[in-house]
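Chemist: 3D, please:
(4 chains)
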Number of protein chains: 2
Amino acid sequence: MPRMEPETDLVDRWRSLLSCYNEIACHLERALGDAHDLTLSEYESLDRLTTQECGKRRMQDLAETMYLSQSALSRTVTRLVKSGLVERTHCEDDRRGVFVEITAAGRQRWAEARKTHLAVLAEHLTPAA
Amino acid sequence: MPRMEPETDLVDRWRSLLSCYNEIACHLERALGDAHDLTLSEYESLDRLTTQECGKRRMQDLAETMYLSQSALSRTVTRLVKSGLVERTHCEDDRRGVFVEITAAGRQRWAEARKTHLAVLAEHLTPAA
DNA sequence: AGACGTTATATGCGCACGCATCTAATGTCC
DNA sequence: GGACATTAGATGCGTGCGCATATAACGTCT
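Modeler: Model prediction:
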């Protein structure tokens, strides 16, 4: 019979995850918003786009590496487009598809925000947690 | 000079925390909602109230052990009151204060939901994460 | 080609959240 | 006791989210 983890351990680990996540997410959200006018989701989206060589991905691919629902991602991209940080371009092979491409302004905004992002993580993401 | 954690490690750990949290929270939210008509925050609130002997706490004390903002907690309690799972009673010593007390129905609902909660954790909160 | 299922993305809707502010009760200092 | 700061909690407001559904472009089968 497999070794079952005691229930309390499970719950304790969950609680720790819960509070740890919320504390950091909350700080990130505020810091990114105040200093760079970016949502956490927006920052994370930009981040995904910069780590690609081409800086261009289909919504679908983007969604796979993200934690957001499909609809939330779609709206996040819409916001980024409105801010001029990203562009939507149609996919020629499959005209249902949409490419998302980061703009020069997007790269710049991301580069600035990255500092804030790292600073918050360094302060609140303790090695122990 | 103190050993600095490389930036990429920090970010990697954050990403892992982010996706891990979101996956579990999402499943919990759905499972608790579908099976017991409870929000994750509502469940967590009930949970805090049952672990107390008296099952009765001031909003303030409750807030300290939770990840929610003060306003979100206030509204969560309002919802729980509407569902009859909790009661608000005035504090006599300090009439600004409010006690929150779990009802019998609240204890029962929590007991049922706890099974779902544990099941989801057992399935998605891997020991490794 | 036409009908029908499927896939990629967008959108309507309701909801929980955080921030700022309001209200009411306390405390403090004179 | 009266003026003023402080504290506990509730509420107005705007926002991002997930779910369900709509839309449009595929693919397939005949």
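Chemist: Is DNA strand C within reach of the longest helix along chain A?
Modeler: For chain A, the helix reaching the highest residue count under DSSP state H is reported as helix A:7-36. Yes: on the criterion CB under 7 Å from any atom of the strand, helix A:7-36 is in touch with DNA strand C at A:22, A:26, A:30. Backbone N, C-alpha and C define where each C-beta goes, glycine included.
Chemist: Check which helices and strands that helix is in contact with.
Modeler: Packing partners of helix A:7-36 (3 or more CB pairs under 8 Å, 6 or more residues apart in numbering or on different chains; DSSP states H and E): helix A:40-50, helix A:104-124, helix B:7-36, helix B:104-124.
Chemist: Could you say which of those is packed most deeply?
Modeler: helix A:40-50 (a mean of 21; mean count of other CB atoms under 10 Å in any protein chain shown).
Chemist: Excluding chain neighbours, what is closest to the residue sitting nearest the centre point of chain A?
Modeler: The centroid of chain A falls nearest to residue A:44 when counting by CA atoms, centre = their mean (2.2 Å). Using CB to CB, 6 or more residues apart in numbering or on different chains and skipping the chain neighbours, the partner closest in space to residue A:44 is residue A:66 (6.6 Å).
Chemist: these two touch, right, that neighbour and residue A:45?
Modeler: Yes: in this structure residue A:66 lies within contact range of residue A:45 using CB atoms under 8 Å: 7.1 Å.
Chemist: what residues are shared contacts of these two?
Modeler: Residues touching both residue A:66 and residue A:45 comprise residue A:73, with contact defined as CB atoms under 8 Å, 6 or more residues apart in numbering or on different chains.
Chemist: Any idea how far the longest helix of chain A is from the middle of the chain?
Modeler: What separates the centre of helix A:7-36 from the centre of its chain is 14 Å, taken as CA atoms, centre = their mean, to the nearest Å.
Chemist: Who are the contact partners of the nearest residue to residue A:27 once chain neighbours are set aside?
Modeler: Using CB to CB, 6+ apart and skipping residues adjacent in sequence, the residue nearest residue A:27 is residue A:120, 5.1 Å away. Counting by CB under 8 Å, 6+ apart, residue A:120 makes contact with A:24, A:27-28, A:31.
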